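Student: sequence plus the predicted model coming up.
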Amino acid sequence: MPDASADLPPATGPGLTLLPLNREQAILAFNRRVLAQARRPDVPLLERLRYITIVSSNLDEFFEVRYADYLEAAAAIGSASDVDLQALSADAHALIDEQYVLFNEQVMPALAAEGIVVLNHAERNDAQRQWVARFFERQVMPLLVPVGLDPAHPFPLVANKSLNFIVRLGGRDAFGRESSIAIVKVPRVLPRVIRLPDAVCTPGQQGFVLLSSVIRAHLADLFPGREVETFSQFRVTRDSDLEVDEDDVTNLRQALRSGLTTRHFGQAVRLEVVRSCPEELSAFLLQQFALPAAALYRVNGPVNLVRLNQLIDQTVADRLRFPVYEPAWPLLRLPRGQSIFERLRRGDVLLHHPFESFEPVVQFLREAVHDPDVLAIKQTIYRTGTQSVLMDLLIEAARRGKEVMVVVELKARFDEEANINWAERLEAVGAQVVYGIVGLKTHGKLLLVTRREGARLRRYAHLSTGNYNPRTARLYTDIGYLTADEPLAADADAVFHQLASLTAMKPPRHLLTAPFVLHGRMLRHLSQVADAARAGRPARVVVKCNALTDPGLIDGLVAAAQAGASIDLVVRGACMLRPGVPGFTDRIRVRSIVGRFLEHTRVIYFRWGEDDAHEALYLSSADWMSRNMFRRIEVAWPVRDAALRQRVIDECLVPYLHDTCEAWLLRTDGHYDPVMAGGAPVSAQQALMRRFGG
């Protein structure tokens, strides 16, 4: 394995300690790295806008989940954490301000130069204004119900992340009273970005209007006889983490479905208004939502940039997007038309998504469904989406009389409703559906097929670092592993048995499972590496994951580094380990890759000696977080085949340690700097796309 130590400058600065980095600020730092993609002139223009929308989506979830928890923790701990909360709030405000500056001053002017314009009321010509007026009258106004506030009309219940207007009115209402404040809730069914007809646009121009601008231009039409004195868009973000006391419910599915009805109306944690919102209106809204002043975010533009995805989707300009990339079918390893079962009897098959197609996984399940010799299919489901060919195949398998068992994780955040619906459809055709273990999320990715072959039953398995979702398999990097290895398949079967029966099982021989042995095995390997380093033998650790926050694993990495081991960590998101502290973590390098695809593969490599007998490589569904190690059902598995192990090293580790195009280095103070290329820039993702030739 290569050593990337040359990429890391020496640590400097007085007072640096081994205190862990703040997790929430690390999440915001990750979003800064995503936002940096929108600044890059080598990224196609519409993709730059998409990165801006991704940051908005990420920040929504940050406030819905992480920030809400942080507020609760701060309240429980007391004033000692107020400083941290203020620092986090200031960091979030600064990031959002940067985002809107980039949106307004770089990306939107660049789009306008390409003839793609978003026109406000003042910029629209007469024909465009007439078209917008008709659109408002016919498509928008019938769905709007303004609410004038008075004792009989209290402040309405405003849903999480919905678009709303607050309006201050002059004059008297129809009943002669001086009610001055009204709220206009905008239904979610209305499109947020509307493309103008070419007939009313300048030739060669693609014109758009935002729904918020349409309503703003015609607010007075909603209040005939009243004067609209001031107004503002606003949007409130609420705590959206579903909390169910699993020890106090008899049916988890019913309890979660009930909770979904109230999710949109949890505790408010953030209020967004436009920059021009009058102080009196923003103060009124803060009071209504019981929020402190720090929770107010004044933005210079739309209060929900996520919806700009609709502009990207409607724009006709392929040259402003990433070139279409079609994942390659692994023809040499899986010839088309050949039975996948027959192929797996000759050896394991590794699939590297999205560079290689996810379709072989679908084909594996499809073949199992239609094969009369297949008796049983078992699968875990975490995030599969509202439409899924895999779920349809499982339903078909049950209809064909096969034994189908599906472990559906109902508590997959923001996928609860889709998973509940799939569970009900599966049960309706006779599939055995279980919901994992009370208090633990089932996050491991397993698919097991049992087939009658002559006088014996043979098992075939698919294990994955990512979800069973064909759409995200084109956007996320992950490894899928198809195998007929009997010990490994037997271990997978034992996991399903335990999830269904709750019976204490003999520990699997090859699969490492959380919350049982995974954490301990990782620590044991780190200890082996440390011992090797102290003895002067080769000692190496490379971990690629999405987050590193578990204190025990951080301590193990630090101990191995102090012993002299060379350690490289490729952590896409939050990393709480502080690298570069002299005498402690100066042999640890931490980098993050942010590119076209979302880095999602979890790979762990250890070496504690001279030969391959002192080497281990694992693929895993688990990040190095306490929740994954102790509060989830996770699996990791060794790659024992030498050729496949080398493939994982060559494709999932080596390119990322040499990336000088999309890599960022974590500094000792918690800041990230882009890796500077000494020669021609090297992109791991681009190199892999070329390698597979999709």
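Tutor: That came through fine. Since we're looking at a predicted model, the values are computed, not measured. Residues are numbered from 1 along each chain as shown.
Student: what's the closest non-adjacent residue to Arg195?
Tutor: Spatial nearest neighbour of Arg195, excluding adjacent residues (Cβ to Cβ, 6 or more residues apart in numbering): Gln314 at 5.0 Å. Every C-beta, even on glycine, is put in place using the N, C-alpha and C of the backbone.
Student: quick one, what contacts the one you found?
Tutor: By Cβ atoms under 8 Å, 6 or more residues apart in numbering, Gln314 lies in contact with 193, 195, 208.
Student: now it: how far from His443?
Tutor: 36 Å (Cβ to Cβ, to the nearest Å).
Student: for the chain, what helix or strand is lowest in average pLDDT?
Tutor: Scoring the helices and strands of the chain by mean pLDDT, DSSP states H and E places helix 252-260 at the bottom, with a mean of 56.
Student: for the nearest residue to Arg534 once chain neighbours are set aside, grab the count of nearby residues.
Tutor: In this structure, Arg534 finds its nearest non-sequential neighbour in Ala563, 4.9 Å apart by Cβ to Cβ, 6+ apart. Applying other Cβ atoms under 10 Å, we find 18 residues neighbouring Ala563.
Student: hmm, Phe630 is touching Leu518, no?
Tutor: No: between Phe630 and Leu518 there is no contact under Cβ atoms under 8 Å: 9.5 Å.
Student: which of those two has more neighbours?
Tutor: Leu518 (24 against 16).
Student: ramachandran coordinates for the residue nearest to that one when sequence neighbours are not counted?
Tutor: The shortest distance from Leu518 to any non-neighbouring residue, by Cβ to Cβ, 6+ apart, is to Leu512 (4.5 Å). Backbone torsions for Leu512, taken as degrees, to the nearest 10, come to phi -100, psi 130.
Student: quick check: bridge partners of Leu512?
Tutor: Beta-bridge partners for Leu512, by DSSP bridges, are Ala636.
Student: residue contacts, it?
Tutor: 518, 521, 618, 620, 635-637.
Student: distance of it from Gly556?
Tutor: 15 Å.
Student: tell me where the stretch 301-450 of the chain has helices.
Tutor: Using DSSP state H, counting those that start in this stretch, the helices of the stretch 301-450 of the chain run over residues 309-314, 340-344, 359-370, 389-399, 416-428.
Student: buried stuff in the shortest one?
Tutor: Of the residues in helix 340-344, 340-341, 343-344 count as buried by neighbour count, 16 or more other Cβ atoms under 10 Å.
Student: same question, the third one
Tutor: By neighbour count, and taking 16+ other Cβ under 10 Å as the criterion, the buried residues in helix 359-370 are 359-369.
Student: just the residues contacting that helix, thanks.
Tutor: 327, 329-330, 334, 339-341, 349, 351, 374, 377, 379, 389-390, 393-394, 396-397, 400, 402, 447, 449, 451, 460, 462, 464, 468, 470, 473, 480, 482.
Student: go with 7 Å
Tutor: 329-330, 334, 339-341, 351, 374, 377, 389-390, 393, 396-397, 400, 447, 449, 462, 470, 480, 482 (Cβ atoms under 7 Å, 6 or more residues apart in numbering).
Student: ok now the top strand by length along the chain, how far from the chain's centre?
Tutor: Counting by DSSP state E, the longest strand found in the chain is strand 227-238. Centroid displacement of strand 227-238 relative to its chain, using Cα atoms, centre = their mean, to the nearest Å, is 30 Å.
Student: just checking, what packs against it?
Tutor: Helices and strands touching strand 227-238, by 3 or more Cβ pairs under 7 Å, 6 or more residues apart in numbering; DSSP states H and E, are strand 164-170, helix 219-222, strand 268-274, helix 279-288.
Student: which one of these lies closest to Val543?
Tutor: strand 268-274 (32.6 Å; Cβ to Cβ).
Student: average pLDDT for the closest one?
Tutor: In this model, strand 268-274 has an average pLDDT of 96.
Student: same check, this time on stretch 211-222
Tutor: On average, stretch 211-222 scores 96.
Student: again with stretch 395-409
Tutor: On average, stretch 395-409 scores 95.
Student: buried residues in it, which are they?
Tutor: Buried, per 16+ other Cβ under 10 Å, within stretch 395-409: 395-398, 402, 404-409.
Student: quick one: contacts of that stretch?
Tutor: 369, 374-382, 394, 419, 422-423, 425-426, 429-436, 441-442, 496, 499-500.
Student: checking my notes, Tyr605 in a strand, right?
Tutor: Yes: judged by DSSP: H, G, I helix; E, B strand; the rest coil, Tyr605 forms part of a strand.
Student: spatially nearest residue to it (excluding sequence neighbours)?
Tutor: Val542 (4.3 Å).
Student: mind checking the SS state of that neighbour?
Tutor: Per three-state DSSP, Val542 ends up strand.
Student: count of neighbours near it?
Tutor: 26.
Student: what's the distance between it and Asp60?
Tutor: As judged by Cβ to Cβ, Val542 and Asp60 stand 33 Å apart.
Student: quick one on the thing from earlier: which of the helices and strands packed on strand 227-238 is buried the deepest?
Tutor: Most buried of those, by mean neighbour count (mean count of other Cβ atoms under 10 Å): strand 268-274, with a mean of 23.
Student: just the C-alpha atoms of that one, please, in PDB.
Tutor: What follows is strand 268-274, C-alpha atoms only, in PDB (Å, rounded to 0.1, in the frame of the first residue of the first chain):
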ATOM      1  CA  ALA A 268     -39.000  24.800  15.200                       C
ATOM      2  CA  VAL A 269     -35.200  25.100  15.100                       C
ATOM      3  CA  ARG A 270     -34.500  27.600  12.200                       C
ATOM      4  CA  LEU A 271     -36.400  30.500  10.500                       C
ATOM      5  CA  GLU A 272     -35.500  31.700   7.100                       C
ATOM      6  CA  VAL A 273     -36.700  35.000   5.700                       C
ATOM      7  CA  VAL A 274     -35.600  37.200   2.800                       C
END
